[in-house]
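*Asks:* Sequence and predicted structure are below.
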Amino acid sequence: MAAPGEHELFLPLQAAVASGDLPAVVKSAEKILKKIPDDHTALQAKLVSLVKQGSFDDALSFMSRDKSGFFKTRNFERSYCLFRLNRLEEALENLKDGSSHKEHELRAQVLYRLERYDDAIPAYRALMEADGADGTGDSGMEHATNLVAAMVGHEVATRAAGGTATTHTPPPGEGFEQLYNTSCLLLARGRYADALTAIDAALIDCRDVVTSEVGVTDEEVEAELLLLRVQRGAVLHSLGNDVEASKELHQALKHNVEPTLGAIAAANLIAVNKNHNVFDSRKKLPLVAAPEARAKMTAAQRLLVSKNHVLLLMFMGHTEPLKKQLEEFAEEFPQSDLPCLVKASNLMRRKSAALSRECLQNYIDANPTSSDEVRLVMAQIRIEDEDYDSAVKQLQEVQGLRQSPGFTGVLVELLSLQGRHEEATLTLNNAIGFWEKQTSPEAELNLITLLRAGAAYNVVHSKYPEAAALYQKILSIDRQNVVALTELIKCFAEYDLDIAEKWSEQLPPVGTDGPALDVDLLERANTRKRPTAAASGKGGGTEPMSELAAVAAAAASDRPKRRRKKRPGKMPKDYNPNIPADPERWLPKYERSEYKKRHKKKAGLHHALQRGPQGSSKAAADEAAERALAIEKEKASKAAKAEATAAAQIAQQASSKRKKKNNKKKK
């Protein structure tokens, strides 16, 4: 209680609290604490103001300097400041004895941020039970969302560690929020088609809810859909539809999104672009590298984003920035093999295969616990060099993919190329035995795939009893598998006809709906010989399939002849059927009746009079006219002389002919 006369000290504090002026609240509280150091109201007001302003270091320091003992019971405030400063282990230790509902909420959040999903999921379930049976309301929806987020994080972490899918069931609920959460969980489990269906339904529901409000603009509707659009882009990218994924992500980035959502959209867009459109990806890097965005990412998300950054610089050929980024990457993720793989890749791009092999081998020798990726890359290089023995050694050291059907098939093929058939059979049998003990949904499919491959391998090497045993295992799993049944009968027919006949009784009956078959005719058709000289009339050979040919000819004669459809010819675009066509349209222009040949103007007197040097005088023009007239006269005289000469020659020839005729008459 404030003593008489001290009431005036609290008036500024009350006014600051009423107006929401947080700095003024801190100043007023400090004035009160100078005179009344243990006043609980002032202590509480200053602490809350510091927390709301984000001054978490100042808040912790203020609580530690307090000598009144007021903050000894304020465990939640201290833990919350530690949580916001990312001092998660200290916050969790501080909350271990917490009993209030808000302390349990904060503890679940701390466990989620520490990526201890096995502890966070039960904590969120307990909070939902405390919310009530229906789980409705703001707190219930928030707890359900956080529970699904913990399930997604657990799924991603499990798959990254090489584990199988989990069986966590999302909480029941309605609305686009729950559909979005379900889509996230399905995406993490690899069920991309179902995730796309859920996010499409969430988009429709969200649009209906937002547009139902009065006075909502199109921009506000799109702002509400941004998160769902980014999620849809991620799902489309996982399905391989990069074109539609790029459209969705670009559409989201056109708006003024918050830093976290912008970082998610940019990171997905960089993954969509891959080694194409690298300059666009480079522009998006600042969004991904924003400190406020990275602070909210999990370790797996930070690893993926950093990997994409390194790969982008490698594709762009930026050597110096790549070296700097690799140093930062190795410092943040010392257990990752990416720096070694990038170095080996650069050496291969420079045509230095020997140095690349040496780099990988030295890394494997120095890091025996390195990931399977390095050994798989090394095995690929050995296979390209046709060094199958070294490739097999590298593959036999791989642990994570050892029993998968694809990996087993590659290893068996390499062993077969070396003639090591016993080891190949043992590898197949080990993989089959592994999947027979599994109970996951994909175990049955993998088991049938390996059984079929093992049986086919034994048939190729004439091990029919072993192949029959594997086909029998397939039939024990799937009794309706007709292909396995036929292959089993073929195997038994190679060494035990009696058993083959017994199994053949299980074959489905042959349908009798079709036309009757002539068995004798088909048997003769099966012994057809290639036509010889006798068949073509040149002697020798036998006549092949005469009866079958006659039947085929009769069937062909009974078949109605197909009539070809007459298609109309193509007409020009401006064709008008009402105007008759020109009959001379196919003739060349110079042969048409309307064609008029253009004659060139001959240079003459009139031409000379019209042309002359620019700025010439009248005398010069007259002189030019006289010269042109003289040229014309000279041409005319030459033409007259030529005509006279030609006439004289004609007259001389005529006279010579008359003389010859007269001489013949005299004789």
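*Replies:* That came through, no problem. Note that the structure is predicted; figures quoted are calculated from it, not measured.
*Asks:* quick check: mean pLDDT across stretch 375-391?
*Replies:* Mean per-residue pLDDT for stretch 375-391: 87.
*Asks:* try stretch 125-138
*Replies:* Rounded mean pLDDT across stretch 125-138 is 67.
*Asks:* how close does Lys393 get to Cys359?
*Replies:* 18 Å (CB to CB, to the nearest Å). C-beta coordinates here come from the backbone N, C-alpha and C atoms, glycine included.
*Asks:* Please identify which of the two sits among more neighbours.
*Replies:* Using other CB atoms under 10 Å as the criterion, Lys393 and Cys359 rank with Cys359 on top: 20 against 14.
*Asks:* how close does that one get to Leu341?
*Replies:* Distance from Cys359 to Leu341, counting by CB to CB: 9 Å.
*Asks:* Kindly report the same for Tyr192.
*Replies:* Distance of Tyr192 to Leu341, computed by CB to CB: 27 Å.
*Asks:* which helix of this protein spans the most residues?
*Replies:* helix 618-666 (DSSP state H).
*Asks:* Output the contacting helices and strands for it.
*Replies:* When contacts are defined as 3 or more CB pairs under 8 Å, 6 or more residues apart in numbering; DSSP states H and E, helix 618-666 packs onto helix 605-610.
*Asks:* so where is the stretch 1-150 of the chain shaky, pLDDT-wise?
*Replies:* The model of the stretch 1-150 of the chain has pLDDT under 70 over residues 1-7, 132-139.
*Asks:* shaky segments in the stretch 451-600 of the chain?
*Replies:* 510-517, 519, 522, 524-568, 599-600.
*Asks:* make it 50
*Replies:* Low-confidence regions of the stretch 451-600 of the chain, defined by pLDDT under 50, span residues 533-545, 548.
*Asks:* mind listing the helices for it?
*Replies:* Using DSSP state H, counting those that start in this stretch, the helices found in the stretch 451-600 of the chain span residues 464-477, 482-493, 497-504, 519-525, 546-558.
*Asks:* now the first one and helix 497-504, what's the angle there?
*Replies:* Our comparison of helix 464-477 with helix 497-504, counting by axes from the mean of the first three to the mean of the last three CA atoms, to 10 degrees, yields an angle of 20 degrees.
*Asks:* Show me which residues of helix 464-477 are buried.
*Replies:* By neighbour count with 16 or more other CB atoms under 10 Å, helix 464-477 contains the buried residues 464, 466-475.
*Asks:* Now flag whichever of those is closest to Arg78.
*Replies:* Proximity to Arg78 was ranked across the buried residues of helix 464-477 by CB to CB; first place goes to Lys473, at 62.3 Å.
*Asks:* Apart from its neighbours in sequence, what residue is nearest the closest one?
*Replies:* Leaving aside its sequence neighbours, Lys473 sits nearest to Leu451 (CB to CB, 6 or more residues apart in numbering; 5.4 Å).
*Asks:* burial of that neighbour, as a residue count?
*Replies:* With other CB under 10 Å as criterion, Leu451 counts 25.
*Asks:* Please name the residues that touch it.
*Replies:* With contacts defined as CB atoms under 8 Å, 6 or more residues apart in numbering, Leu451 is in contact with 432, 470-471, 473-474.
*Asks:* Which parts of this protein are strands?
*Replies:* For the chain, strands defined by DSSP state E do not occur.
*Asks:* what's the spacing between the residue nearest the centre of it and Asp337?
*Replies:* Centroid-nearest residue in the chain: Gly240, 3.8 Å away (criterion: CA atoms, centre = their mean). From Gly240 across to Asp337, the span is 26 Å (CB to CB).
*Asks:* Repeat that for Val243.
*Replies:* Taking CB to CB, one finds Val243 at 32 Å from Asp337.
*Asks:* quick one: which of the two has more around it?
*Replies:* Taking other CB under 10 Å, Val243 and Asp337 do not tie; Asp337 has more neighbours (19 against 9).
*Asks:* quick one: the more buried one and Val374 touch, right?
*Replies:* Yes - counting by CB atoms under 8 Å, Asp337 touches Val374, with 5.1 Å between them.
*Asks:* what's the overlap in contacts for those two?
*Replies:* With CB under 8 Å, 6+ apart as the test, Asp337 and Val374 both reach Tyr363.
*Asks:* Pull out the buried positions in stretch 270-279.
*Replies:* Burial within stretch 270-279, assessed by neighbour count using 16+ other CB under 10 Å, is assigned to 270-273, 278.
*Asks:* that older thread, redo the buried residues of helix 464-477 as JSON lines? Include distance to Met571.
*Replies:* What follows is the buried residues of helix 464-477, written out as JSON lines (distance: CB to CB, whole Å):
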{"residue": "Tyr464", "distance to Met571": "69"}
{"residue": "Glu466", "distance to Met571": "71"}
{"residue": "Ala467", "distance to Met571": "67"}
{"residue": "Ala468", "distance to Met571": "69"}
{"residue": "Ala469", "distance to Met571": "72"}
{"residue": "Leu470", "distance to Met571": "67"}
{"residue": "Tyr471", "distance to Met571": "65"}
{"residue": "Gln472", "distance to Met571": "70"}
{"residue": "Lys473", "distance to Met571": "69"}
{"residue": "Ile474", "distance to Met571": "63"}
{"residue": "Leu475", "distance to Met571": "65"}
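*Asks:* Just the closest of the residues you listed to Lys573, please.
*Replies:* Ile474 (63.8 Å).
*Asks:* returning to that earlier point: mind giving me TSV with the contacts of Leu451 and columns for distance to Thr145?
*Replies:* Converted to TSV, the contacts of Leu451 look like this (distance: CB to CB, whole Å):
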residue	distance to Thr145
Ile432	43
Leu470	49
Tyr471	50
Lys473	46
Ile474	45
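*Asks:* Could you identify the pair within these that is furthest apart?
*Replies:* Farthest pair in the contacts of Leu451, by CB to CB: Ile432 and Tyr471, 12.7 Å.
*Asks:* Go ahead and confirm Leu488 touches Tyr471.
*Replies:* Yes - counting by CB under 8 Å, Leu488 touches Tyr471, with 4.0 Å between them.
*Asks:* shared neighbours of those two, anything?
*Replies:* If you check Leu488 and Tyr471 against CB under 8 Å, 6+ apart, no residue is contacted by both.
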